[in-house]
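Asks: Take this sequence and fold it.
(2 chains)
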Amino acid sequence: MTRKTTSKRRGVGSETPVFVFVGAACALAFLLLPLVGLLKRVAWSRLIDSITSGSASQALRLSLYTSIGATIVALVLGVPLAWVLARVDFRGRSIVRALVMLPMVLPPVVGGVALLGAYGKSGGLIGGWLYDVFGLQLTFSRSGVVIAEAFVALPFLVIAVESGLRSVDPRFEESAAAMGASGMRRFWTVTLRLLMPSLVAGVAVAWARALGEFGATITFAGNIEGRTQTTPLAVYLLLESDPEAAYALSFVLLAVCVVVLVTMRDRWMGRRS
Amino acid sequence: MKAAVLVAAFGCLYPTQALAASTDVNKPVMSGQVTISAASSLTDAFIALGKEFRKLHKDLKVRFNFGSSSTLVAQIQSGAPSDILAAADLISIEKLVAMGNVVVMPRVFARNTMMIAVKPGNPMSVKSVQDLTNLDVVSLCGKTVPCGVYSASVLARSGVVLSESKVTRGVDAKSALGAVISGDADAALIYRTDVLAAKKTVTGVAIPRSINVVAMYGIVPIRGAHNLDAAKAFIDFVLSEQGWKILKSFGFEHP
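Replies: Got it, this is the predicted structure:
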């Protein structure tokens, strides 16, 4: 621990052993090499044509709409959950937090199977009821895509917002309360303002995750061109019939993720103080 | 004696005749492992074949890699270590021949046909391919996957056009059927053997021979196989009387 602080003070890496650098370089190469490989395969001159052609542009548009929808769902559900996790002390909080994180590590296909178990029209826990009472069928529908994407994206938003709420100094809220601001007003004028950077980061990362969702989507919402075939699904299917379009779409997804992560680099998971 | 000659022949080139003839000779001791890439519709049959094959060659590890034939071809082309390809059509194997990944003529070892799979008890009373147009969602294989090509032929021969907005596409035959078994797809147009393997989880609706297709399953050793002897032994086993009995028990038809 002391080493870390001294090395920081004296300048980068004065006491970091060489083999650590070698290991770090290997790790970085391990992560970046496949990306370089992907970039090399993209046919740049026909990139625009590839992503504006029929099924590719359809998939991109669908991905845009559904991922925004999923982010809104995650936002509406995630902020209250993050609030409770950050501010309310209750027994079993750590268990609840672990359960909330489950979709981050659960194989997405398993998530899709689980969603079928809950919302499937035939044999889902409440899916049959939803269909009989409201005529609502989530499987093979755009709303189903939104549900699948929100399911995997929600934890990313909760993590960001929870850590953001923890770093909000309660004294600001206390003094607002002392000045007579109501709970609702305090939230909108004080908490939300201080929370904004984390919230933006959480939204961005959750959106990127929703955009890239594959397993839960194909399992739960199916793979219908123009309806539930999102960009990652299109990439997988185009890989055999039209690799050029598949690489072009992969590049788009990669570029979006890079932009999101680079802009949000310090904010997600909370700023190290 | 004969075996020795054959083994010597294997060393320099892989003649098809030798491959066929070696069925009845005393097998050399096999060891190591053999990796078999097989169409997903062969999953159950090949696992059973592998079990019986292991009884003959106890020191040999048999590993399977199941997926759509077109995915398997792409994997092999990009260097996936595979000793055998067993595909649900001959076009996939021809692709490998064209790329130089295969130097032996493929052997056709089984045939299959297409069938309609619906929810148990056929609640939407689907009786023919034409009835598929009345359903909300029909599950097919990907357009470039063999079963997707076969289902397109069946639809074309029946004069049925399914709007893409009603078609969900699985990545291989098993996952296309999965959309009916555990999902909300009303029907799948899929291999007869997969419908049989799914037992009571779906009901099968037969498609008349006049509009049905015949899927030819081909098997071939991959050039540069790590374990060519074992690969050939497995292929011989698949083509043997015992192998045929197993395939038949899973509903495959004689080539």
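Asks: Which residues of chain A lie near chain B?
Replies: A:113, A:116, A:120-123, A:127, A:137, A:139-140, A:218-220, A:222-229, A:236-237, A:239-241 (CB under 8 Å from any CB of the partner chain). From N, CA and C alone the C-beta is placed, and that goes for glycine too.
Asks: Filter these down to the buried ones, PyMOL style.
Replies: Buried subset of these, written as a PyMOL selection, criterion 16 or more other CB atoms under 10 Å in any protein chain shown:
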select buried, chain A and resi 113+116+120+121+122+127+137+139+140+218+219+220+222+223+224+225+227+228+229+236+237+239+240
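Asks: how about the residues of the stretch 151-255 of chain B near chain A?
Replies: Within reach of chain A by CB under 8 Å from any CB, the stretch 151-255 of chain B has these residues: B:164-171, B:179, B:182-185.
Asks: Mind jotting down where the helices sit in chain A?
Replies: Per DSSP state H, chain A carries helices over the ranges A:2-10, A:18-41, A:47-52, A:54-87, A:93-105, A:108-119, A:127-134, A:142-167, A:170-178, A:183-186, A:192-211, A:215-220, A:231-241, A:243-263.
Asks: Mean neighbour count, the ones you listed: which tops it?
Replies: Burial of the helices of chain A is given as mean neighbour count (mean count of other CB atoms under 10 Å in any protein chain shown); helix A:215-220 ranks first at a mean of 27.
Asks: In TSV: the helices of chain A, plus distance to B:Gly218 and mean pLDDT.
Replies: Output for the helices of chain A, formatted as TSV (distance: least, CB to CB, whole Å; pLDDT from 0 to 100):
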stretch	distance to B:Gly218	mean pLDDT
helix A:2-10	61	47
helix A:18-41	30	94
helix A:47-52	33	88
helix A:54-87	30	94
helix A:93-105	41	94
helix A:108-119	30	93
helix A:127-134	41	90
helix A:142-167	37	95
helix A:170-178	70	84
helix A:183-186	70	82
helix A:192-211	40	92
helix A:215-220	28	93
helix A:231-241	18	87
helix A:243-263	24	91
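Asks: nearest to B:Asp131, of those helices?
Replies: helix A:127-134 (21.6 Å; CB to CB).
Asks: C-alpha coordinates for that closest one, CSV please?
Replies: In CSV, the C-alpha atoms belonging to helix A:127-134 read as follows (Å, rounded to 0.1, in the frame of the first residue of the first chain):
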residue,chain,number,x,y,z
GLY,A,127,-46.8,-14.6,-19.4
GLY,A,128,-50.1,-16.5,-19.9
TRP,A,129,-51.9,-14.2,-17.6
LEU,A,130,-50.5,-11.1,-19.4
TYR,A,131,-51.7,-12.5,-22.7
ASP,A,132,-55.2,-13.5,-21.5
VAL,A,133,-55.9,-10.3,-19.6
PHE,A,134,-54.1,-7.6,-21.6
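Asks: who does that helix touch, helix- and strand-wise?
Replies: helix A:108-119 (3 or more CB pairs under 8 Å, 6 or more residues apart in numbering or on different chains; DSSP states H and E).
Asks: Which strands or helices does the helix it packs on pack on?
Replies: Going by 3+ CB pairs under 8 Å, 6+ apart, helix A:108-119 lies up against helix A:127-134, helix A:142-167, helix A:215-220.
Asks: repeat that with 6 Å
Replies: Applying 3 or more CB pairs under 6 Å, 6 or more residues apart in numbering or on different chains; DSSP states H and E, we find helix A:108-119 packed against helix A:215-220.
Asks: Show residues contacting the helix it packs on.
Replies: By CB atoms under 6 Å, 6 or more residues apart in numbering or on different chains, the residues outside helix A:215-220 that reach it are A:108-109, A:111-113, A:115-116, A:144-145, A:148, A:152, A:230, A:233.
Asks: from the residues of the stretch 151-255 of chain B next to chain A, which is closest to B:Asn134?
Replies: B:Lys166 (10.0 Å).
Asks: show me the contacts for that closest one.
Replies: By CB under 6 Å, 6+ apart, B:Lys166 lies in contact with B:Val137, B:Val138.
Asks: okay if I get the residues of the stretch 151-255 of chain B next to chain A as JSON lines plus distance to A:Phe156 and pLDDT?
Replies: Formatted as JSON lines, these follow (distance: CB to CB, whole Å; pLDDT from 0 to 100):
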{"residue": "B:Glu164", "distance to A:Phe156": "32", "pLDDT": "89"}
{"residue": "B:Ser165", "distance to A:Phe156": "31", "pLDDT": "89"}
{"residue": "B:Lys166", "distance to A:Phe156": "34", "pLDDT": "92"}
{"residue": "B:Val167", "distance to A:Phe156": "32", "pLDDT": "94"}
{"residue": "B:Thr168", "distance to A:Phe156": "27", "pLDDT": "94"}
{"residue": "B:Arg169", "distance to A:Phe156": "29", "pLDDT": "92"}
{"residue": "B:Gly170", "distance to A:Phe156": "28", "pLDDT": "90"}
{"residue": "B:Val171", "distance to A:Phe156": "26", "pLDDT": "86"}
{"residue": "B:Ala179", "distance to A:Phe156": "28", "pLDDT": "91"}
{"residue": "B:Ser182", "distance to A:Phe156": "27", "pLDDT": "84"}
{"residue": "B:Gly183", "distance to A:Phe156": "26", "pLDDT": "82"}
{"residue": "B:Asp184", "distance to A:Phe156": "28", "pLDDT": "87"}
{"residue": "B:Ala185", "distance to A:Phe156": "30", "pLDDT": "92"}
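Asks: Out of those, which sit inside helices?
Replies: B:Ala179.
Asks: hang on, the earlier thing: B:Ser31 is nearest to which of the helices of chain A?
Replies: Of the helices of chain A, nearest to B:Ser31 by CB to CB is helix A:18-41, at 33.8 Å.
Asks: can you list the residues that contact the closest one?
Replies: With contacts defined as CB under 6 Å, 6+ apart, helix A:18-41 is touched by A:Tyr247, A:Ser250.
Asks: How far away from the center of its chain is that helix?
Replies: A distance of 24 Å separates the centroid of the chain from that of helix A:18-41, by CA atoms, centre = their mean, to the nearest Å.
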